[in-house]
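Peer 1: here is my input; please provide its structure:
(one chain, ligands or ions: 2)
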Amino acid sequence: MEKNINFLIDHQCPQCGAPAALSETDRLFQCAFCKVNSYLMERSYFRYLLPHHAPENQELVYFPYWRFKGMIFSCLPTGIQNRFLDVSRQAVPSAHFPVSVGLRSQAMKLRFVSPETKGYFIKPTLPFRQLMETFLTRFNHDLPGPILHQSHIGESLSLIYAPFYVGQRIMDAVLNQPASGALDKPFELSRFSGGPADWRIRFIPTLCPNCGWDMQGRRDALVLHCQNCQSMWQASKQGMSRVNVAHLPNPEAEDIIYLPFWRIKADVSGIDLDSYADLVRAANLPKAIQTGWDRIPFHFWGPAFKIRPRSFLRLTHHLTLSQPRNHLIAQVPKGRMHPVNLPVSESVEALKLNLAGLLRPKKIVQDRIAQIQVKPCRYQLAYLPFEIRHHDLVQPTFNMAVNQNQLGLAGNL
Ligand SMILES: [Zn+2]
Ligand SMILES: [Zn+2]
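Peer 2: Ligands and ions are numbered 1, 2, ... in the order given. The predicted structure follows:
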């Protein structure tokens with residue numbers, strides 16, 4: 001369950017047709033042959049399929065599975081528990097098909113579903129949220145309750161279609177093996193709604209909407225950087241939209257990298273948390289409240305990059321308590337930047353968790369967290385400079401360190 005699998009995806013360049021192998025987390029695709037950049041986009045989630053090895057002339061049925069990879073945080077009276085999760089489950093409840101994609105997919109390459117794929121695609125009937133609830137109910141059974149609050153921060157959510165064909169039994173078309181026992185009555189496909197595939201992965205150009213420059217980013221970057229006009233952009237339904245960026249300038253250190261964080265302003269109800277003075281009171285910080293602190297707005301902070309749950313939580317709390325605000329410059333930093341690969345939509349899922357972790361005394365969480373509402377209103381992408389040390393990246397102003405291995409940076413600096 002905690003395997004942390006990254007699927008590979010067989011793909012073709014939309015410009016020149018050259019074959020390419022993508023990773024599941026890739027968003028920015030640069031073709032090795034024609035060098036054209038494109039950005040991969042889907043409505044809500046990506047749809048993949050497992051390639052089949054069925055005998056010829058078999059009518060294929062593609063059965064859908066939700067696939068979630070991410071972190072689950074459970075807020076308990078004793079503190080916050082975390083767990084990394086990598087699961088797949090039926091997106092249509094059915095006794096005919098296997099409950100999950102199964103282990104075979106580890107060694108398999110996936111493909112994007114496209115209208116050219118022949119076969120009957122069964123339509124998901126179980127919404128992902130509902131599946132998650134069912135899953136959590138089972139998972140929570142083992143936790144020492146009561147669970148005061150829970151959030152799941154997704155690194156990816158996708159739909160994987162697995163191919164089958166029907167004979168005396170349901171046959172798994174990847175392995176060409178029976179996936180069910182002998183059927184006691186004929187299998188009726190018409191009981192499942194669905195039809196031919198009518199989705200296609202979208203590619204949007206990576207040209208800067210402001211100046212036309214070809215934008216850059218690492219392959220898993222969710223935010224692209226225009227090095228010509230120093231702007232940053234993220235893909236949205238309307239195409240590329242501009243991201244509000246700020247940074248804390250480099251404190252003269254030589255070897256630094258900027259790490260991205262989401263700085264989120266939210267309406268909090270059920271507890272006073274509008275200003276820095278409110279934070280000092282809510283978190284019971286050992287500070288005497290000074291004049292003017294009630295006019296300094298409070299912001300939630302959280303990593304805009306993927307990192308293990310424990311570090312995610314530590315950085316989130318540490319920065320939110322530190323409230324970096326002095327000298328934030330509303331510009332893209334000059335220098336090396338770590339890519340944004342955790343979207344703000346997921347960071348927003350952590351707001352209440354963030355709050356629960358900083359309230360003191362902890363008893364307050366138990367008494368009041370259920371009544372507290374946190375509604376995000378606006379956000380900014382804020383880069384903080386970290387010094388590159390032997391094993392760690394160190395932020396001296398706020399006294400934080402991140403292990404390089406956790407960022408997948410080892411050997412890349
Ligand atoms: Zn190409
Ligand atoms: Zn530009």
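Peer 1: how many other residues sit next to the nearest residue to residue 15 once chain neighbours are set aside?
Peer 2: The shortest distance from residue 15 to any non-neighbouring residue, by C-beta to C-beta, 6 or more residues apart in numbering, is to residue 36 (4.4 Å). From N, CA and C alone the C-beta is placed, and that goes for glycine too. Using other C-beta atoms under 10 Å, residue 36 has 17 neighbouring residues.
Peer 1: could you do the one 3 residues further on as well?
Peer 2: Residue 39: 23 surrounding residues under other C-beta under 10 Å.
Peer 1: bridged to it, which residues?
Peer 2: residue 28, residue 204 (DSSP bridges).
Peer 1: just the CA atoms of the strand ranked longest in the chain, as PDB, please.
Peer 2: As assigned by DSSP state E, the longest strand anywhere in the chain is strand 149-166. Below are the C-alpha coordinates for strand 149-166, written out as PDB (Å, rounded to 0.1, in the frame of the first residue of the first chain):
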ATOM      1  CA  HIS A 149      -9.800  16.300  11.800                       C
ATOM      2  CA  GLN A 150      -8.400  14.600   8.700                       C
ATOM      3  CA  SER A 151      -7.000  15.800   5.400                       C
ATOM      4  CA  HIS A 152      -5.700  14.100   2.300                       C
ATOM      5  CA  ILE A 153      -3.100  16.000   0.300                       C
ATOM      6  CA  GLY A 154      -3.000  14.400  -3.200                       C
ATOM      7  CA  GLU A 155       0.100  14.200  -5.200                       C
ATOM      8  CA  SER A 156      -1.900  12.700  -8.000                       C
ATOM      9  CA  LEU A 157      -5.300  11.400  -8.700                       C
ATOM     10  CA  SER A 158      -5.900   9.600 -12.000                       C
ATOM     11  CA  LEU A 159      -8.200   7.000 -13.600                       C
ATOM     12  CA  ILE A 160      -6.600   3.900 -14.900                       C
ATOM     13  CA  TYR A 161      -8.500   1.700 -17.300                       C
ATOM     14  CA  ALA A 162      -7.600  -2.000 -17.300                       C
ATOM     15  CA  PRO A 163      -8.600  -4.100 -20.400                       C
ATOM     16  CA  PHE A 164     -10.600  -7.300 -20.100                       C
ATOM     17  CA  TYR A 165     -12.500  -9.500 -22.500                       C
ATOM     18  CA  VAL A 166     -15.400 -11.900 -21.900                       C
END
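Peer 1: now do that strand: which elements does it pack against?
Peer 2: strand 46-49, strand 61-76, helix 128-140, strand 170-172, helix 344-348, helix 351-358 (3 or more C-beta pairs under 8 Å, 6 or more residues apart in numbering; DSSP states H and E).
Peer 1: number of nearby residues for the residue of the stretch 301-413 of the chain found nearest ligand 1?
Peer 2: Taking C-beta to the ion, ligand 1 has its nearest neighbour within the stretch 301-413 of the chain at residue 339, 22.2 Å off. Other residues near residue 339 come to 22 when the count uses other C-beta under 10 Å.
Peer 1: tell me the SS of it?
Peer 2: coil (DSSP: H, G, I helix; E, B strand; the rest coil).
Peer 1: got a list of what it touches?
Peer 2: By C-beta atoms under 8 Å, 6 or more residues apart in numbering, the contact list for residue 339 reads 217, 218, 220, 221, 222, 223, 260, 305.
Peer 1: repeat the analysis, applying 10 Å as the threshold.
Peer 2: 27-28, 217-225, 259-260, 304-306, 407 (C-beta atoms under 10 Å, 6 or more residues apart in numbering).
Peer 1: from these, keep the buried residues only.
Peer 2: 27-28, 217-218, 220-225, 259-260, 304-306, 407 (16 or more other C-beta atoms under 10 Å).
Peer 1: quick check: the gap between the residue nearest to the spatial centre of the chain and residue 402.
Peer 2: With distances taken as C-alpha atoms, centre = their mean, the residue of the chain nearest its centroid is residue 155 (2.5 Å). Separation of residue 155 from residue 402 (C-beta to C-beta, to the nearest Å) stands at 17 Å.
Peer 1: if we can go back for a sec, doesn't residue 222 make contact with the residue nearest to the centre of the chain?
Peer 2: No: in this structure residue 155 lies outside contact range of residue 222 using C-beta atoms under 10 Å: 11.1 Å.
Peer 1: joint contacts of the two?
Peer 2: Shared contacts of residue 155 and residue 222 (C-beta under 10 Å, 6+ apart): 25, 341, 342, 343.
Peer 1: phi and psi next, for residue 144.
Peer 2: The phi and psi values for residue 144, taken as degrees, to the nearest 10, are phi -70, psi 90.
Peer 1: how much space between the residue lying closest to it once chain neighbours are set aside and residue 300?
Peer 2: Leaving aside its chain neighbours, residue 144 sits nearest to residue 76 (6.5 Å; criterion: C-beta to C-beta, 6+ apart). Residue 76 sits at a distance of 21 Å from residue 300 (criterion: C-beta to C-beta).
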